[in-house]
Structures are given as C-alpha cells and as structure tokens.
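In: Here you go, sequence then predicted model.
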Amino acid sequence: MKSTVETLSPTRVRLSVEVPFDELKPSLDKAYRSIAQQVTIPGFRKGKVPPRLIDQRVGRAAVLEETLNDAIPTHYSSAVREHEVKVLGSPEVEVTELADGEKVSFTAEVDVRPEISVPAFDSLSVTVDDIEVADEDVDSQLDSLRERFSVLKGVDRPVQNGDYVSLDLAATVDGAEVPGGTATGLSYEVGTGQLLPGTDEAITGLSAGEATTFKTELAGGELAGQEADVAVTVRSVKEKELPELDDEFAQTASEFDTLDELRADVRTRIERVKRMEQAVQARDKALEVLLAAVDVPLPEKVVTEEQEFRKHQLSHYLERAGLTMDLYLQSENQTQEDFDAKLQSDTKDAVKAQLVLDTVADTEQLGVNDTELTQEVVRRAQQAGMGPQEYADQLVESGQLPLVVADLRRGKALALVLESAAITDASGNKVDLDQLRGELAAAGDGAEA
C-alpha cells in the first residue's frame, strides 16, 4: 500500500491511498464467503457456491463493492497511523480508480486536530472571589433549619399570604366541568402561584368555610387558552409556627448544646461550600484564560456535528418532559434566533476547549490507567442509577468508552494548568492549590473539564 497526505486547511487533510490488488485478497475471499451464504444456486449448498458462479450469477461488481467496503476502512486506518494524522470524526471517502486485478485507489478527506501552540502555564493569572461568610448567610441557613422543624397551627382568621390552606376547587367552561379541574381537600401554600392564575387573589381574605368564584385562562390541556369559571371553598387555614432560636432549638435540631455552637458550625459549613465554589471558579477561569491566550482554527464539520448532537439531546429531554421547543424558549425568555446564536457560541467554545486540552494532554503525555477509568465508570454509573458492570457494558456497546477516557485526560490536563497558574483572590491573597484540589475532589468535579 502507498499513501500520501495533503493539507487542505489547518483543520482538514486529504489522504490518497493506492492498494495493490493482491493486498485485497483477504477482503475479496471474505466477500465471496459472505455472498455465498446469501445466494441459492441449484446443485450447491449454501456457503459452497464457487466464486466463478458468484461472478456469473451475482456479478463481479457486487463482489468488488463488498470487498472495498471491508478493505477501505482497514487501509484508511493504516494510512492514518503511517502519517500520524490526528483525525476528528469520520472521513469522506471516494474511490478514484478500480482496476480489477491490478489496484484500487481512493481518497479520504477528514477533519484533523489543528496544530496548537499553548502558552507556558505559569504565565496564566486567575483571580477568584474572596471567601466571605456574612452574618446574613448564617441567619439564612438557620432560618431554613427552623423551617424544617416548623409546625402548622390552625388559626381563626382570614387567609394571609404564606398561610397553608385546604381548598375545594371546581373549574368549568360554559357550565361543563374542565377535565382534571376539580379537587377536594387540596393542600396549598398561599402565594406560591402553583395553582390556577387568580387563586391567590381570590382566597386571600376568606375565612374557613367561606367560598368565592373567579375567572381564569386555562394554560394547559385540551381547553388551553379558554376562560374558565372557578369555584373555590376554603376548608381550613393554618399558619407556620417556627421554633424559637435558642439553646433548646440547637439541642433539638443538632448535636450541639448551645446556639452559639450551632452558629459556629453553620458558619464553617457555609465557608466550606464557598471554598468549593471558589475551587470550581478557579478551574473554570483557568480554562477561560487559557483559551483566550490561544488561537484555534475550528473544524467546521466537527462544530456542526456537535451542534446537531446538542440539539438532539435537548429535543430528547423536552420530549421526555412533555414540553415543546416553543414552551422551552418561552421559559428561557429567548427567541429561536437567540437560542441558535447561543448554541453556536457554546458549541464553538466547547470544541475549542476540547482541542486545547487534548493538545496539553498529548504534550504532557498524560494517560489514564485502569484504576482511574474504573473509578470514573463507577461514579457515572451511580449518577445514572445503574450498576457499574451494566453501565460499562453499555459504554462499550455504544462505542462511548473512548469518550470517557478523553474526558479524563482533559480533566488531568486542566488540573495541570490549574496547578501551574497563579491564582489569587480578589484581595490579592494567594489561593492554596492543595486545598482547592481537595475541595474539587470532595465535590466530585476533579475528573471533568
């Protein structure tokens, strides 16, 4: 086999391959065996039809087509290895010459990873937010803890915002009951807006046993957009009673004896969370600074394929959630044009990050060992709610395992960049990288770029 490589652009090459016909013999024999299993010719058992008869009955052209389908991928891979081409995606193959018994020539155009020059990592500077825990942060957490230990107490007064009520609801359109529009003894927190529009306003000021009616526009179902009459009755009114914030509460809600000890623990926990956020911010900003320092020509086909993949993933998610693209855009306050522009921008950023981190991983000769891969598969299996072996089998069958390895290498590459970069907080203090790595590992983010 002879092959040459021609650079078409910084992100695309053309491989030209010429294969002597005798090198096709394994694929040619395989083609004859395959066709022999598929045809029925009187006097011959399946699989025992001679090549000569297959040429006569099926045609030599069909045999050669199956031969090339088997042989071209093998010889293409050999040419890629020979010229050390760092391919991205699938090639576009064209057979340029087929001389039966002599040779076969074909070309393969494919996107490749561009040559990228990355700066010295210690020249990168990253600034992250200070870690500050305000008294208000502690108070907010303690209020949330009090909410968990609150009790509902019946009150003999009109409904107020924040109350918990029991309601009977009945919605009708032109006197006919709305499907699914009737409920009895429905528990509801006033002010959350989780029921039909207008419900909060209608029941505020009512006492237990009182009823009223109001009109509302139906948002979903077969009657969506139509105006409905809603009859609502308040059956009971309760308010949330929070425990006093004192030593007794601290003993009830925690392992501490005093409120001061509980406050100190809450402050420590908040600081740990903020440090974790600082660690993630440092990682993200290090990547951002690295990408800003590098000029990367992007393979157009790779970007397009990644963009289509992301669209497909979103469509699949919306379908499972019972949503449409129009509803999604409305919830995100976006137009279709805004969505397309952001998707394209995000996709380009993601592809650029992958290319740069792959370059770092190659330059630094970073690898992934079996233990690291196993740990990552177990972690992902847990996130997916699957057994590790089942998840691993699924990765192998779908051809996704190399992508997991690539993600791990990129994570290592980014960790190396983070280790070398100068990281300070907004006050100018140097950030402890060892502590950052510990927080990242505790957060489960250390393996992903």
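Out: Perfect, I can see it now. Numbering: from 1, shown residues only.
In: Find the nearest non-adjacent residue to Asp111, please.
Out: Sequence neighbours aside, Pro299 is the residue nearest to Asp111 in space, at 3.8 Å (criterion: C-beta to C-beta, 6 or more residues apart in numbering). From N, CA and C alone the C-beta is placed, and that goes for glycine too.
In: Okay, that neighbour and Asp407: tell me how far apart.
Out: Separation of Pro299 from Asp407 (C-beta to C-beta, to the nearest Å) stands at 19 Å.
In: more crowded one of those two?
Out: Regarding Pro299 and Asp407, a neighbour count based on other C-beta atoms under 10 Å identifies Pro299 as having more, with 23 against 18.
In: circling back: tell me the phi and psi of the residue nearest to Asp111?
Out: With angles defined as degrees, to the nearest 10, Pro299 shows backbone torsions of phi -70, psi 120.
In: For Ala231, give me its contacts.
Out: 169-170, 172, 211-213 (C-beta atoms under 8 Å, 6 or more residues apart in numbering).
In: Can I take it that it is in a helix?
Out: No. Counting by DSSP: H, G, I helix; E, B strand; the rest coil, Ala231 is not part of a helix but strand.
In: Give me the pLDDT for it.
Out: We have a pLDDT of 95 for Ala231.
In: One more: Ala449?
Out: On pLDDT, Ala449 comes in at 35.
In: Next: Arg57.
Out: 86.
In: Report how many residues lie close to it.
Out: Neighbour tally, Arg57, other C-beta under 10 Å: 13.
In: Spit out the contact partners of it.
Out: 39, 41 are the contacts of Arg57 under C-beta under 8 Å, 6+ apart.
In: distance of it from Ala36?
Out: 11 Å.
In: Count the neighbours of Ala415 for me.
Out: Neighbour number of Ala415 under other C-beta under 10 Å is 19.
In: and if you look at Ala353?
Out: Applying other C-beta under 10 Å, we find 18 residues neighbouring Ala353.
In: Is it correct that it falls within a helix?
Out: Yes. Counting by three-state DSSP, Ala353 falls inside a helix.
In: you'd agree it is up against Val294?
Out: No. Contact between Ala353 and Val294 fails when scored by C-beta atoms under 8 Å: they sit 10.1 Å apart.
In: State the helix or strand in which His75 lies.
Out: helix 60-82 (DSSP states H and E).
In: now for the helix or strand just after that helix, which elements pack on it?
Out: Once helix 60-82 ends, the next helix or strand along the chain (criterion: DSSP H and E) is strand 87-99. Applying 3 or more C-beta pairs under 8 Å, 6 or more residues apart in numbering; DSSP states H and E, one finds that strand 87-99 contacts helix 60-82, strand 103-112, helix 300-321.
In: if we look at strand 87-99, which residues are touching it?
Out: Residues from elsewhere that reach strand 87-99, judged by C-beta under 8 Å, 6+ apart: 11, 15-16, 21, 64, 68, 72, 76, 80, 103-113, 299, 301-302, 305.
In: Show me what it pairs with in its sheet, parallel or antiparallel.
Out: Strand pairing for strand 87-99, using DSSP bridges, gives strand 103-112 (antiparallel).
In: List the buried residues for the strand it pairs with?
Out: Within strand 103-112, the residues scored as buried using 16 or more other C-beta atoms under 10 Å are 103-104, 106-108, 110-112.
In: now stretch 179-190
Out: 181, 188, 190.
In: Might you list the low-confidence residue ranges for the chain?
Out: Scanning the chain for pLDDT under 70 picks out 435-449.
In: what about the strands in this protein?
Out: For the chain, the strands defined by DSSP state E occupy 2-9, 12-20, 87-99, 103-112, 125-128, 151-154, 164-173, 176-189, 211-217, 227-241, 422-425.
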